[in-house]
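Enquirer: fold the following.
(2 chains)
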There are 2 protein chains.
Amino acid sequence: MRQLAAAILLLSLPFEGLAQQPAAKPLPGYTSTSSATELDWEKRFREIPEAKRAHENMKVLAAHPHHVGSEAQRKNAEWMVKQYKSWGWDAKIEQFDVLYPTPKSQLVEMIAPTKFVMKLTETPLAEDPYTHETTTQLPGFNIYSADGDVTGPLVYANYGMRDDYEELERQGISVKGAIVITRYGGGWRGLKPKLAYEHGAVGCIIYSDPADDGYGQNDVLPKGPMRPSMGVQRGSVADTSLYSGDPLTPGEGSVKGTKRLKIEESKAIMKIPVLPVSYGDAEPLLKSLDGPAVPSTWRGALPFTYHFGAGKTKVHMNLKFNWETKPVLDVVATMKGSTEPDQWIVRGNHYDGWVNGADDPISGQSGLLEEARALGELHKKGWNPKRTLIYTAWDGEEPGLLGSTEWAETHAADLDKHAILYVNSDESNRGFLNAAGSYQTEQLVNDIARQITDPETKVSVWDRQFAARATRAGRGGAAPSGDIIPIGAVGSGSDFQAFVDHLGITTVSLGFGGEDRSGTYHSAYDTPWFIEHFGDKESLYGKAIADMAGTLVMRVADADVLPYDFRNLASTVKGYSSEIQALVKQMQRAASERKKNIDAGYYKLAADPTKTVKLPEALTPVPEMDFTALDAAIAQLAKAAAELKAAEDAAGPLDAARAASINTKLSLAERKFLNPAGLPRRPWMEHVLYAPGVYTGYGVKTLPGIREAVEDSNFQEATQQMVIVTNAIKAEAEYLQQIAQEFAAK
Amino acid sequence: MRQLAAAILLLSLPFEGLAQQPAAKPLPGYTSTSSATELDWEKRFREIPEAKRAHENMKVLAAHPHHVGSEAQRKNAEWMVKQYKSWGWDAKIEQFDVLYPTPKSQLVEMIAPTKFVMKLTETPLAEDPYTHETTTQLPGFNIYSADGDVTGPLVYANYGMRDDYEELERQGISVKGAIVITRYGGGWRGLKPKLAYEHGAVGCIIYSDPADDGYGQNDVLPKGPMRPSMGVQRGSVADTSLYSGDPLTPGEGSVKGTKRLKIEESKAIMKIPVLPVSYGDAEPLLKSLDGPAVPSTWRGALPFTYHFGAGKTKVHMNLKFNWETKPVLDVVATMKGSTEPDQWIVRGNHYDGWVNGADDPISGQSGLLEEARALGELHKKGWNPKRTLIYTAWDGEEPGLLGSTEWAETHAADLDKHAILYVNSDESNRGFLNAAGSYQTEQLVNDIARQITDPETKVSVWDRQFAARATRAGRGGAAPSGDIIPIGAVGSGSDFQAFVDHLGITTVSLGFGGEDRSGTYHSAYDTPWFIEHFGDKESLYGKAIADMAGTLVMRVADADVLPYDFRNLASTVKGYSSEIQALVKQMQRAASERKKNIDAGYYKLAADPTKTVKLPEALTPVPEMDFTALDAAIAQLAKAAAELKAAEDAAGPLDAARAASINTKLSLAERKFLNPAGLPRRPWMEHVLYAPGVYTGYGVKTLPGIREAVEDSNFQEATQQMVIVTNAIKAEAEYLQQIAQEFAAK
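Expert: Next up is the predicted model:
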């Protein structure tokens, strides 16, 4: 190994016969020497993970239903600890005790105009042995639903998002006292009961329409990968746009002695009963609805006309839960850093599934385990990361990012001091690299992606993603220009939330996917049998995620100087500001167009006089907003980032003390974007650049304080938030300038 | 009457006490005196048509199935002649003998993997007595289908348009020797078997998917207005993009002695058997299809996954027709002009239905009859139009615009000399004015629309249409600017085709609609019962079309100078040129983008390596095209139109001889756009500004010679056609300049 590194090093020396060979440019954050060594170790690392072993891991971890508190989950945790130990890691289980309600009884029935009682069971598939283990499965439910015994007229509300309620209002249909039935899709599931409740509904049913992930997309199981008629999507309705983790312990680890809210005090717990059902169960209710026919965007794929309802169809729901405390068992494995042990890289993927969870999350976790095994082997062969690696398997992600959040909250003080990077993954499927995170890592992610081989096409995952973007066939938006594939901003929906949104830790989230569509999400049909028939059959992308994430971890763990490039950050934030300014302009145009049409009476004239649809009302007038200070701060950030890069390039090798000091500062740069007061009405959400949207859920809002205030026509708050964001960006710029000076100091 | 006119006239004189009242501006083409008289007669005209009588007309004409050659149709014709005569018109039936094949026998059956024989009957509705008259109904069929006894694998081709065949090719699926099943929609029905034939299919089935006009849109009959499961859309598949009228007599009237093609010689007759069916009949076949699942834009609303097919599902079709000659009976009524009897205004609406045809076409024809009655009454009260009115009820529109085309071809020489305007309508429903035609009438149509009252809202139909456009709730595109609502260009699908596309007669086509959607089009369910339950229940828009079209006819019939304003024509044609230039640029960009991605190998890299979808191929390179001469000709036309308007405004009252000479010239201005050689491969289509698209059918293509050549990447032909169009526009400009000079001559 050292021999090979020396050989590579030789190539970069301009000696006889190799004079025309250009000197290899060292990796960012590395010297020529350390760069060659690093590339060699990384190459040797990627020779170790095997798809076959990832596949075996998957079959162990997803063999049985293994939700929070289940026997199988404890066995999985213990098995992983054993594995880690066998690979030379220091590993343990960290337990947190969390509120984890499970169904005690559930009834949904149509009581008028005809009687129909929902079955509420997922039929096992003859072909798939895993689906027959029904005694240990949790039934379909939305965790953190309220208990409730309610009866009311049924109203169909499409996806149950804000614009759907605008349409209901236009139609003159109220959901007050009603039970709302919405379909999955269009936005985060928890918003459906939340908005139903805010509009006065007493209960909420969420069903999976065949248009969205059933026969309307492709053949259903067992012939094809889509959701069969009795398939149910489980899922949490805890309001993670407020905070993640145990709903009773916001901001605190759920450990012994922590003060807990009463259930009724928790703002994250739903106030009305909500239940997910299959379209087999929903069909008789939807078919029975009367009232006007819905608009085209509301139509699903069931074979009848969809109506709004609020008429003769009445529904009775009775849900009772066991409001118990259950253990979440995080597996935490450590490999201590050799020279900077106090700088921590945390790497995580959850391992709890709603049922067997072979795809979500085990396809990712089984790859992560191969990554950890390979790093362990490498360590045995002499590789010593400078920095400390903490590899985790999070429990309780599904109910509300419980394991990762409780761990992050418990260790918040240490993490604040030591955490230089959090690398997340979740399920990993056939297709394209999908990366999101802190923009100082964008160049790094691109650099690594160019070195990782796509297992199906044998080109780099960067080349494949670039081709997909260029031809618009893949995930993400327009064709990228230049040689950087933009990474996304992190929202919610996986375990990075506490790290980035609450603690301001530099974060990267990685995954593969986009090639296959399926309808097994959060159902009893997400099993190893499914994977072997319709998914990443040989877990090739389990190895791919191990290669990608493992290389990235190594690159940061071994760097002389942390390879963070803030120029990408500045240009991205500039884009956010432009988007919001365009939004303001668009809202101004819309408000003035609306006013013009109202004043002229056009809406009334254009409306069908035989119908009683409500006419559009005036929009809130949109004032001019001044983005000058924000844009100036962003320009200052851009300048500082460029200066920092120039200073780093000019500096040459640093002595250990200066490197340590600079690295500490670089690792803390993300913290400047924390506002300790948090976002308005969301004190736990401290990051001023990213947050899950209050009305998008998983979907990210960038510059959320400003953007969501604008979207809500709360221009006073938008202006206040702009000051906060501007100051944070200025602070970041000044901080980067300080680091640049430290590079330049003699 | 004359008293009132005098009173109005007085108002325009600046005398004491009325000095602040601005002088009423005379109508275009009128003097102050004749303008006031005209407005008075028009007002009195509109007091006569009654919705109630239009409704009674509808119940007479749509009482029984009355297709071409039926007993009911002859009775309808005779009844209308009698009506016209009772109103003082000179009226007669003109008969043409045309090829009119009707089904002798029809069989469609699935023979593998299971057996299923289609019922091919429309079930009568218990609620609707009209639907029970099944013995005189023609069954569902596509007229001018070929005879054929064919068997082949079934392939689903979505709407059966060109881009659908591109998708099939991408999927590696051939229709050679296959029977293609397409759904209605996406383009003209005749293109479906035409394209199927061009791609090698041996038969074609067209079904009505519930997504398009069945339960996917709204409730089906009898609960709602949409197509029930056994509803069939009849319709012609004669290729009217080549020529309309009897397929055996292109360009000639089908009268005694006219040479007729042999059936196999007619390019307008389909070469393979084609049959329209209900989704009730189509469902078992579609459900049986295998192969890959279709893309999202191909999905209908039947409750299963749609597949491409070409596998195990085999279908047998056996269609035989009676290839008989049948009479079409045009009703032609004349009111001779008082001072310019040799200038003819032709007004038409067809009256043949596929079955009862209460909406299509009787809702329009019943209004036209009220219009004719009112003009007859007005005539009795002393109104004498300067010009001759020819009011018609066309037979045989449904099979291929037979009655109007044969009449226009028979009287072509006279029409070329005398026809100054053709005013068309077809069905008329609740909603918004829809106008299309020659752009010198755009101002005129707008002027009249401001005077016509919308029966449901009591504002002018102009105000209502403007409001709809402004709020984008109505038909048509973007909000209009200024005070002109743009009219559309005429394509095909109604009786104006021979007048405008073949003879170059100034044309206006008018209708109301856009408020209600229904699924009874060309079915046995389009009955008076349907109208009274789901349509324009009291035929209010029968009166509206009478008011609108009648006023327009009067305005032109009485004018001192024909009120044609060519400025609108010039600006519209300028828009067409810009569109084609933008299309060329877009094609250039697409070809270069495609080439770039092919050269870089991006399509291959971005494709799913486990699938065998064909990768995009290089597009035909798009050369630079020079529009300078065309744009210069258009600029010359704009200048000439402005000069003409200025000369007319400056001229003051003309003596009779000069007015007659100028009017003759104005009426012939549209003829300058005829190219006697016709469009490429379509010699009958002589108009260089408008034609039905070869691959859109009813949909218009403007500057068709250039545009369709560009769309087909035939840039040599596009350049040749550009010369022809440029010369025609220059000729028009010079012609308008001559008329301007004639106005200005002392």
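
Enquirer: low-confidence stretches in the stretch 1-150 of chain A?
Expert: Scanning the stretch 1-150 of chain A for pLDDT under 70 picks out A:1-23.

Enquirer: and the residue of it closest to chain B?
Expert: Residue nearest to chain B within the stretch 1-150 of chain A: A:P113 (14.7 Å; Cβ to the nearest Cβ). No exception for glycine: its C-beta is placed from N, CA and C like everyone else's.

Enquirer: which residue is the nearest non-sequential neighbour of that residue?
Expert: Once flanking residues are discounted, A:P113 sits nearest to A:K312: 4.9 Å by Cβ to Cβ, 6 or more residues apart in numbering or on different chains.

Enquirer: near chain B at all, whichever strand or helix holds A:M554?
Expert: Using DSSP states H and E, A:M554 maps to helix A:540-558. No. Applying Cβ under 8 Å from any Cβ of the partner chain, one finds helix A:540-558 separated from chain B by no less than 10.8 Å.

Enquirer: pLDDT of that helix, averaged?
Expert: Helix A:540-558 shows a mean pLDDT of 98.

Enquirer: buried stuff in the strand or helix carrying A:W529?
Expert: Assessed by DSSP H and E, A:W529 sits inside helix A:528-534. Residues A:528-532, A:534 are the ones in helix A:528-534 that count as buried (16 or more other Cβ atoms under 10 Å in any protein chain shown).

Enquirer: re the thing from before, in the helix or strand hosting the residue nearest to A:P113, what's buried?
Expert: Per DSSP H and E, A:K312 falls inside strand A:309-322. Within strand A:309-322, the residues that count as buried by 16+ other Cβ under 10 Å are A:309-311, A:313-319, A:321.

Enquirer: coming back round to it: so what does the helix holding A:W529 touch, helix or strand wise?
Expert: helix A:51-61 (3 or more Cβ pairs under 8 Å, 6 or more residues apart in numbering or on different chains; DSSP states H and E).

Enquirer: beyond the helix it packs on, next helix or strand please.
Expert: Next along from helix A:51-61, by DSSP H and E: helix A:71-86.

Enquirer: endpoints of stretch A:451-464, how far apart?
Expert: End-to-end distance of stretch A:451-464 (Cα to Cα, to the nearest Å): 12 Å.

Enquirer: tell me what the helix holding A:M554 is packed against?
Expert: If contacts are counted by 3+ Cβ pairs under 8 Å, 6+ apart, helix A:540-558 sits against helix A:32-46, helix A:51-61, strand A:340-350, helix A:364-380, strand A:387-394, strand A:419-425, helix A:442-449, strand A:507-514.

Enquirer: angle of the shortest one against strand A:340-350?
Expert: Between the axis of strand A:419-425 and that of strand A:340-350 there is an angle of 20 degrees, by axes from the mean of the first three to the mean of the last three Cα atoms, to 10 degrees.

Enquirer: next one: the first one
Expert: Orientation check (the same axes, to 10 degrees): helix A:32-46 against strand A:340-350 gives 30 degrees.

Enquirer: now do the second one
Expert: Regarding helix A:51-61 and strand A:340-350, their directions subtend 70 degrees when assessed with the same axes, to 10 degrees.

Enquirer: helices or strands up against helix A:51-61?
Expert: helix A:71-86, helix A:364-380, helix A:528-534, helix A:540-558.

Enquirer: show me what counts as buried in it.
Expert: A:51, A:53-61.

Enquirer: with distance to B:Y100 added, can I get the residues you listed in TSV?
Expert: As requested, the buried residues of helix A:51-61 are exported to TSV (distance: Cβ to Cβ, whole Å):
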residue	distance to B:Y100
A:A51	68
A:R53	75
A:A54	70
A:H55	68
A:E56	73
A:N57	73
A:M58	68
A:K59	70
A:V60	75
A:L61	72
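
Enquirer: residues near A:Q737, how many?
Expert: 18 (other Cβ atoms under 10 Å in any protein chain shown).

Enquirer: and the nearest residue to A:I739 once chain neighbours are set aside, what does it touch?
Expert: Nearest residue to A:I739, sequence neighbours excluded (Cβ to Cβ, 6+ apart): A:K665, at 5.0 Å. By Cβ atoms under 8 Å, 6 or more residues apart in numbering or on different chains, the residues touching A:K665 are A:735, A:738-739, A:742.

Enquirer: any low-confidence regions in the stretch 451-600 of chain A?
Expert: Ranges of the stretch 451-600 of chain A meeting pLDDT under 70: A:473-481.

Enquirer: which strands or helices does the longest helix belonging to chain A pack on?
Expert: If you go by DSSP state H, chain A has its longest helix at helix A:566-599. The contact analysis (3+ Cβ pairs under 8 Å, 6+ apart) places helix A:566-599 against helix A:442-449, helix A:628-651, helix A:704-711, helix A:715-744, helix B:461-470.

Enquirer: report the inter-axis angle for the fourth one versus helix A:628-651.
Expert: Here helix A:715-744 runs at an angle of 20 degrees relative to helix A:628-651 (the same axes, to 10 degrees).

Enquirer: quick one, strands of the stretch 151-300 of chain A?
Expert: Secondary structure of the stretch 151-300 of chain A (DSSP state E, counting those that start in this stretch): strands located at A:179-183, A:203-207, A:235-236, A:274-277.

Enquirer: which helix or strand contains A:K417?
Expert: Element membership of A:K417 [criterion: DSSP H and E] is helix A:412-418.
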